[in-house]
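Peer 1: Let me see the structure of the following:
(one chain, ligands or ions: 1)
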Amino acid sequence: HFDVIIVGAGHGGANTAIQLRQKEFAGSIAIIGDEPELPYERPPLSKEYFAGEKEFARIQIRPEQFWVDKQVTMILNTRITSVDPAGHAITAADGRNFSYGKLVWATGGAPRMLPIPGGDLPGVQGVRTRADADTMKAAAETAQQVVVIGGGYIGLEAAAVLSKAGKKVILLEALDRVLARVAGEQLSRFFEADHRAHGVDIRLGVSVAAIEGNERVTGVRLADDSVIPADLVIVGIGIVPAVAPLIDAGAQGGNGVNVDEYCRTSLADVYAVGDCAAHANGFADGATIRLESVQNANDQGSTVAKHIVGLEEPYKALPWFWSNQYDLKLQTAGLSTGHDAAILRGDPATRSFSVVYTKAGRVIAIDCVNATKDYVQGRNLVTAGVIASAADLANAELPLKDLIP
Ligand code: FAD
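Peer 2: Next up, the predicted model:
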């Protein structure tokens, strides 16, 4: 028995435990994770770790001794397969049972694989875990030509690392622009042009019919029946949230598990945080969404830790995100979905600019490329929901902080 059991040893799970101890929670805590590693940072898996610029020890969220000192019991290589909410107990794949006072579900999700023939051939690789990144790294060493499927952040970051390493990279995106789900068109076009300038062959509006190969991938067949040869196929087309045991136990949800403003699920004493938690987000007009970011996992972990120690502070943290590609450092704040204007600040040709997104004149999000000052100041505009004119927002000589009334 543990007073708090956290399922999932990732960003959200780790921070829930860290925050509980910081708030002097004295009860017993266990983190149960299905990977072999102690909690580590996932963003470097498609960036510095994949590029071989950072070794694994440097991406651990805390050193091993920290968890010992804080008396957080780590139960690794253990997959929880069922939840008994009435009995306050969970069962692992190997049959072990654990009982809990409070349960925190922090399981993230699994990479969505391609539902097409050959979609699971060796050499077709999703990117979520250290093991995925190691497999991808090893395959990339000998690969001549790599096809990346999906023009989201993970696909673009992997393409940047590989093309920098001298590999021929072809990136296939089903929609008519990269980053379509998360950014406005100006940003998409900028990143497309930059990747092309680095030799990446970006093909838009392309649908994939099958993966070719026998023992291993040899190519990607497109809907027009042409085949692109490939020794490695990296798939970055989103995740499927890992919530089946909770939903089977009766929790409300579907695409993720539904949580309230304290990250409580509909099951008594069961919380959920991070990529798997569908929540009403104030920066999305209260729409129920899942956010896939370190910020959201960490901040929801804090919300749960507070709630467990009796501090009722609803989750309303500003969403923020980053991505590194080549020498480009993208930082974003807010959620641009639903914007009705995207205002360019600065000149993309200088490789330092921002895009401010507004809705009915109100600033709802900002994407900054090599523009940290705009990012730092723009965050406050988003938080405050400042109303500003397009002319002022576009004037790069005018500091954004001057637009806060
Ligand atoms: P995770 O960190 O995924 O942790 C969940 C853990 O639970 C995993 O170890 C999983 O294996 C385990 N688990 C799942 N089911 C079970 C089960 N039944 N029993 C036991 N354990 C289970 N975000 C950013 O903000 N910036 C970035 O630049 C960025 N880059 C990224 C690059 C890559 C390659 C990836 C994969 C993600 C990136 N993200 C980035 C997203 C960010 O890493 C996630 O949003 C974050 O990890 C979510 O934390 P989490 O705790 O919800 O899930």
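Peer 1: quick one: Val182 is in a helix?
Peer 2: No: the assignment for Val182 (DSSP: H, G, I helix; E, B strand; the rest coil) gives coil, which keeps it out of a helix.
Peer 1: From Ile366, how far off is it?
Peer 2: 13 Å (CB to CB, to the nearest Å). Yep, even glycine has a C-beta here, placed from its N, CA and C like the rest.
Peer 1: and for these two, which residues touch both?
Peer 2: Contact criterion CB atoms under 8 Å, 6 or more residues apart in numbering; residues bridging Val182 and Ile366 by contacting each: Thr332.
Peer 1: Which of those two has more residues huddled nearby?
Peer 2: When neighbours are counted by other CB atoms under 10 Å, Val182 and Ile366 differ, and Ile366 comes out ahead with 28 against 19.
Peer 1: dump the residue contacts of that one.
Peer 2: Under the criterion of CB under 8 Å, 6+ apart, the contact partners of Ile366 comprise 332-334, 354-357, 374-375, 378-379, 381-382.
Peer 1: can you count the residues close to the residue in the stretch 151-300 of the chain positioned nearest to the ligand?
Peer 2: Ranking the residues of the stretch 151-300 of the chain by distance to the ligand (CB to the nearest ligand atom) places Gly274 first, at 2.2 Å. For Gly274, the number of neighbouring residues by other CB under 10 Å comes to 32.
Peer 1: so how far is Gly334 from the closest residue to it other than its chain neighbours?
Peer 2: Of all residues beyond its chain neighbours, the one nearest Gly274 is Gly12 (3.2 Å), with distances taken as CB to CB, 6 or more residues apart in numbering. Note on Gly12: its distance to Gly334, by CB to CB, is 21 Å.
Peer 1: ok, now Lys359?
Peer 2: Per CB to CB, Lys359 is found 10 Å from Gly334.
Peer 1: quick one, which of these two is more surrounded?
Peer 2: For Lys359 versus Gly334, neighbours defined as other CB under 10 Å are more numerous around Gly334 (25 against 16).
Peer 1: Run through the bridge partners of the nearest residue to that one once chain neighbours are set aside.
Peer 2: Sequence neighbours aside, Ala365 is the residue nearest to Gly334 in space, at 3.2 Å (criterion: CB to CB, 6+ apart). Note on Ala365: beta-bridge partners Gly334, Tyr357, judged by DSSP bridges.
Peer 1: Next one: Ala365, what pLDDT does it get?
Peer 2: The predicted local distance difference test score for Ala365 is 98.
Peer 1: Test my guess that it contacts Tyr357.
Peer 2: Yes: between Ala365 and Tyr357 there is a contact under CB atoms under 8 Å: 4.2 Å.
Peer 1: can you tell me which residues contact the closest residue to Ile308 other than its chain neighbours?
Peer 2: Take Ile308 and drop its neighbours on the chain: the residue closest to it by CB to CB, 6+ apart is Lys102, 5.8 Å away. By CB under 8 Å, 6+ apart, the contact list for Lys102 reads 3-5, 269-271, 308.
Peer 1: Check those for burial and list the buried ones.
Peer 2: Burial by neighbour count, 16 or more other CB atoms under 10 Å: within those this picks out 4-5, 270-271, 308.
Peer 1: tell me which parts of the stretch 51-200 of the chain are close to the ligand?
Peer 2: Neighbours of the ligand within the stretch 51-200 of the chain, by CB under 6 Å from any ligand atom: 79-80, 106-108, 127-128, 154.
Peer 1: from these, which single one is nearest the ligand?
Peer 2: Among those, Gly108 lies closest to the ligand (CB to the nearest ligand atom), at 2.5 Å.
Peer 1: Without its sequence neighbours, what residue ends up closest to the closest one?
Peer 2: What sits nearest to Gly108 in space, not counting adjacent residues and going by CB to CB, 6+ apart, is Asp275, at 4.5 Å.
Peer 1: Could you check how many residues crowd around the one you found?
Peer 2: Number of residues near Asp275 (other CB under 10 Å) recorded here: 26.
Peer 1: what does Asp132 give?
Peer 2: Number of residues near Asp132 (other CB under 10 Å) recorded here: 17.
Peer 1: what residues are up against it?
Peer 2: Taking CB under 8 Å, 6+ apart as the contact definition, Asp132 lies against 45, 111, 125-126.
Peer 1: Dump the residues you listed into CSV; add pLDDT as well.
Peer 2: Compiled in CSV, those are given as follows (pLDDT from 0 to 100):
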residue, pLDDT
Leu45, 98
Pro111, 97
Gln125, 97
Gly126, 97
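Peer 1: What about His198, how many residues nearby?
Peer 2: Counted with other CB under 10 Å, residues neighbouring His198 total 14.
Peer 1: Could you verify my assumption that it touches Tyr326?
Peer 2: Yes: with the criterion set as CB under 8 Å, His198 and Tyr326 qualify as a contacting pair; they are 6.2 Å apart.
Peer 1: ok but Arg196 is inside a strand, no?
Peer 2: No: in this structure, Arg196 is helix, not part of a strand, as judged by three-state DSSP.
Peer 1: Excluding chain neighbours, what is closest to it?
Peer 2: The shortest distance from Arg196 to any non-neighbouring residue, by CB to CB, 6+ apart, is to Ile202 (5.9 Å).
Peer 1: contacting residues around the one you found?
Peer 2: Ile202 is in contact with 151, 171, 173, 178, 192, 195-196, counting by CB under 8 Å, 6+ apart.
Peer 1: And the lowest mean pLDDT element among the helices and strands of this protein?
Peer 2: Within the chain, judged by mean pLDDT, DSSP states H and E, the helix or strand with the poorest mean is strand 253-254; its value is a mean of 94.
Peer 1: Which neighbours in the sheet does that one have, and how are they oriented?
Peer 2: Strand 253-254 sits in its sheet next to strand 256-258 (antiparallel), going by DSSP bridges.
Peer 1: can you tell me if the partner strand touches the ligand.
Peer 2: No: contact between strand 256-258 and the ligand is absent, the nearest approach being 10.1 Å (criterion: CB under 6 Å from any ligand atom).
Peer 1: Show me the contact partners of that strand.
Peer 2: Looking at what lies outside strand 256-258 - CB under 8 Å, 6+ apart - the contacts are 105, 241, 243, 246-247, 251-252, 265-266, 272, 275-279, 288, 290.
Peer 1: Centre of the chain to it, how far?
Peer 2: On the basis of CA atoms, centre = their mean, to the nearest Å, strand 256-258 is displaced by 16 Å from the centre of the chain it belongs to.
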